[in-house]
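Novice: Sequence first, predicted model second:
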Amino acid sequence: MRHNVVRLFLAVLVALATALTGLGTPAQAAAPDSPAVTYTNPIAEKRADPHIFKHTDGYYYFTATVPEYDRIVLRRATTIQGLSTAQEVTIWTKHAGGVMGAHIWAPEIHFIDGKWYVYFAAGATSDIWAIRMYVLEGAGANPLTATWTEKGQIKTTWESFSLDSTTFVVNGVRYLAWAQRNPAENNNTSLFIAKMANPWTITGTPTEISQPTLSWETVGFKVNEGPALIQHGGKVFMTYSASATDANYCLGMLTASATADLTDPASWTKGSQPVFTTNASTSQYGPGHNSFTVSEDGRSDVIVYHDRSYKDISGDPLNDPNRRTRVQKVYWKADGTPDFGIPVADGVTPQRFSSYNYADRFIRHWEYRARIEANVSPLADSQFRVVPGLAGTGTVSLEAANFPGYYLRHKNFEVWLEKNDGSSTFASDATFYRRAGLANSAGVSYESYNNAGRYIRHYNYLLYVQTPSTATDRGDATFYAQ
């Protein structure tokens, strides 16, 4: 009996030691469903309220507000990045007089039942602030060369300030969501939703699903506007923009079940905090008026938005032309909700790196020490820009998304996040060769530039540069880019 107790005790000790040291054989992770996708920002200068639509013809179609507020433009390319240099075509110009004669704002392009539709807002020459929602219909395979017909105004409950219409289908039902001034409320705009009878006509009574009441929704102006919808895991998430269109502009989010009646305000839950805000460390100010698209391989969701690269604006923000279009990958939390992270710095967008041996754990920095961890919050602690190596060509360095100028570097063979001090020693310690994954060529391994044969690997969940000698070591030195 005593021998059995001792054996059991020893078995427990061995299991505990294995768990702590990582010497066991973890379940090896399959390649992720959503591999890394990167872009270089900005996509388009002086283009606000951006909308990118991926069509079945293999093209992305891009439209946005131009700073002159006088026309609707389109671009197309087979890649999102390609939109930055694609030819831009004007498909419609404001009227010389009357309605649709001023403030041409926030166009969106959609393909519905075999035809193209552009939704936009416009004022009138007699009253530039008499903003209403309008629709264009295009016939032809290519909307850049299509014949466009004005379908007129989208009529709602009131003849009041209304804009930012977007359309989407949930559970086979097509909806329109938009922002409008409710005469009974003391604010600028609230969010509304209705079902659609056809692409330019709503049906039934519109439902108000959100009004600006929270402190971050009411800075400068009391605003809920720019709704955009993304679906995931049986839920629908509606982002929207709030506050004035300066550095206070930000995104909030509403959530509903995909099986709920979306025209019932009780179906929607509003988050108490914004989900995407100004970030001074990355020099991104006033992110907002977003849309969603998908990556070229269809495996990653992408948020499209505008912001500025500076905080201070002279005069009315509406007269500042320098909002620009940007994109970055959307990540999904374990609970199925989206995590937008922070608006990342200009240049190449960051990636995340999950462990080959522990699929739910990502490389992150915590108090400047590099480690792997699950459920990382904030997301940006686990995002790194893969940039040209500080020490030489053919190499890379890993720059923190939320601390530009800080890089992963080894010090006494431990991996830390530190600020580049400009020294040759730092440059060498923060430079790596990107190799095919030691445990799986679909992954990636990073070999030290100045310590050949040593790779970034995790041990007891902390990162080191070590020479892998066993299968477990090679797994610990292999990561999947996401």
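Specialist: It's in.

Novice: Grab the nearest non-local neighbour of Phe384.
Specialist: Spatially, and ignoring its direct neighbours in sequence, Phe384 is nearest to Leu398 (4.4 Å; Cβ to Cβ, 6 or more residues apart in numbering). Any C-beta I mention is one placed from the backbone N, CA and C, and that applies to glycine too.

Novice: check which helix or strand covers the one you found.
Specialist: Per DSSP states H and E, Leu398 falls inside strand 396-400.

Novice: pLDDT (mean, whole number) over that strand?
Specialist: If you average the pLDDT over strand 396-400, you get 98.

Novice: so the following helix or strand past it versus strand 396-400, what angle?
Specialist: Where DSSP H and E defines the elements, the next helix or strand beyond strand 396-400 is strand 406-411. Orientation note: strand 406-411 sits at an angle of 120 degrees relative to strand 396-400 (axes from the mean of the first three to the mean of the last three Cα atoms, to 10 degrees).

Novice: Which strands or helices does strand 406-411 pack on?
Specialist: The contact analysis (3 or more Cβ pairs under 8 Å, 6 or more residues apart in numbering; DSSP states H and E) places strand 406-411 against strand 396-400, strand 414-419, helix 424-429, strand 462-466.

Novice: What residues of it count as buried?
Specialist: For strand 406-411, a neighbour-count test (16 or more other Cβ atoms under 10 Å) marks 406-410 as buried.

Novice: which one of these sits closest to Ser215?
Specialist: Tyr406 (31.4 Å; Cβ to Cβ).

Novice: and the residue lying closest to that closest one once chain neighbours are set aside, bridged to which residues?
Specialist: What sits nearest to Tyr406 in space, not counting adjacent residues and going by Cβ to Cβ, 6+ apart, is Ala400, at 4.6 Å. Applying DSSP bridges to Ala400 gives these bridge partners: Phe384.

Novice: quick one: contacts for Ala400?
Specialist: With contacts defined as Cβ atoms under 8 Å, 6 or more residues apart in numbering, Ala400 is in contact with 365, 380-381, 383-385, 406-408, 417.

Novice: And for Asp307?
Specialist: Contacts of Asp307 (Cβ under 8 Å, 6+ apart): 249, 278, 284-288, 323-324, 326, 343.

Novice: Provide the secondary structure category for it.
Specialist: The three-state label given to Asp307 by DSSP: H, G, I helix; E, B strand; the rest coil is strand.

Novice: Kindly provide the distance from the closest residue to it other than its chain neighbours to Val348.
Specialist: Setting aside the residues directly before and after it, Asp307 is nearest to Pro287 in space (Cβ to Cβ, 6+ apart), at 4.2 Å. Pro287 is 18 Å from Val348, where distance means Cβ to Cβ, to the nearest Å.

Novice: more crowded one of these two?
Specialist: Neighbour count, other Cβ atoms under 10 Å: between Pro287 and Val348, Pro287 has more, with 27 against 16.

Novice: Which element, helix or strand, includes the more buried one?
Specialist: strand 285-294.

Novice: Using neighbour counts, pick out the buried residues of that strand.
Specialist: Neighbour counts using 16+ other Cβ under 10 Å place 285-294 of strand 285-294 among the buried residues.

Novice: Could you single out the nearest of the buried residues of strand 406-411 to Arg47?
Specialist: Nearest to Arg47 among the buried residues of strand 406-411: Tyr406, at 30.7 Å, using Cβ to Cβ.

Novice: Straight-line length of stretch 319-328, end to end?
Specialist: By Cα to Cα, to the nearest Å, the extent of stretch 319-328 from end to end equals 26 Å.

Novice: Please point out which parts of that stretch sit buried.
Specialist: 320, 323-328.

Novice: try stretch 384-402
Specialist: Residues 384-386, 389-391, 395-402 are the ones in stretch 384-402 that count as buried (16+ other Cβ under 10 Å).

Novice: first vs last residue of stretch 419-435, how far apart are they?
Specialist: By Cα to Cα, one end of stretch 419-435 lies 25 Å from the other end.

Novice: Skipping adjacent residues, who's closest to Val386 in space?
Specialist: Closest residue to Val386 apart from its sequence neighbours, by Cβ to Cβ, 6+ apart: Val396 at 5.2 Å.

Novice: Quickly list what the one you found is bridged to.
Specialist: Using DSSP bridges, the beta-bridge partners of Val396 come out as Pro388, Phe432.

Novice: now swap in Val327 and tell me
Specialist: Val327 forms beta bridges with Val304, as assigned by DSSP bridges.

Novice: Pretty sure Ser300 is one of the things it touches, is it not?
Specialist: No - in this structure, Val327 is not within contact of Ser300 by Cβ atoms under 8 Å, at 10.7 Å.

Novice: got the buried residues for whatever helix or strand Phe362 lives in?
Specialist: Counting by DSSP H and E, the element that carries Phe362 is strand 361-366. For strand 361-366, burial by neighbour count (16+ other Cβ under 10 Å) applies to 361-365.

Novice: Just the buried positions in stretch 455-462, please.
Specialist: 455-459.

Novice: Pull the distance from it to the chain's centre.
Specialist: Chain-centre distance of stretch 455-462: 29 Å, with Cα atoms, centre = their mean, to the nearest Å.

Novice: that older thread, please identify the one among the buried residues of strand 406-411 that lies nearest to Gln153.
Specialist: Nearest to Gln153 among these: Tyr406, at 51.6 Å, using Cβ to Cβ.

Novice: My guess is the closest one contacts Asp421. True?
Specialist: No - using Cβ under 8 Å, Tyr406 is not in contact with Asp421; the gap is 10.8 Å.

Novice: Show me what Gly138 is bridged to.
Specialist: Bridge pairing for Gly138 - DSSP bridges - gives Trp116, Trp148.

Novice: quick one: low-confidence ranges for this protein?
Specialist: 1-27 (pLDDT under 70).

Novice: give the contact list for the spatially most central residue of it.
Specialist: The chain has Ile303 as the residue nearest its centroid, 3.3 Å off, counting by Cα atoms, centre = their mean. Each residue near Ile303 by Cβ under 8 Å, 6+ apart is listed here: 276, 290-292, 327-330, 340.

Novice: what's the closest of those residues to Ser445?
Specialist: Nearest to Ser445 among the contacts of Ile303: Lys329, at 22.1 Å, using Cβ to Cβ.

Novice: how far away is the closest one from Tyr69?
Specialist: Counting by Cβ to Cβ, the gap from Lys329 to Tyr69 is 31 Å.

Novice: who's more crowded, these two?
Specialist: Each of Lys329 and Tyr69 has its neighbours counted (other Cβ under 10 Å); Lys329 has more, 23 against 16.

Novice: Identify the residue spatially nearest to the more buried one, adjacent ones excluded.
Specialist: Nearest to Lys329 is Ser300, by Cβ to Cβ, 6+ apart, at 5.3 Å.
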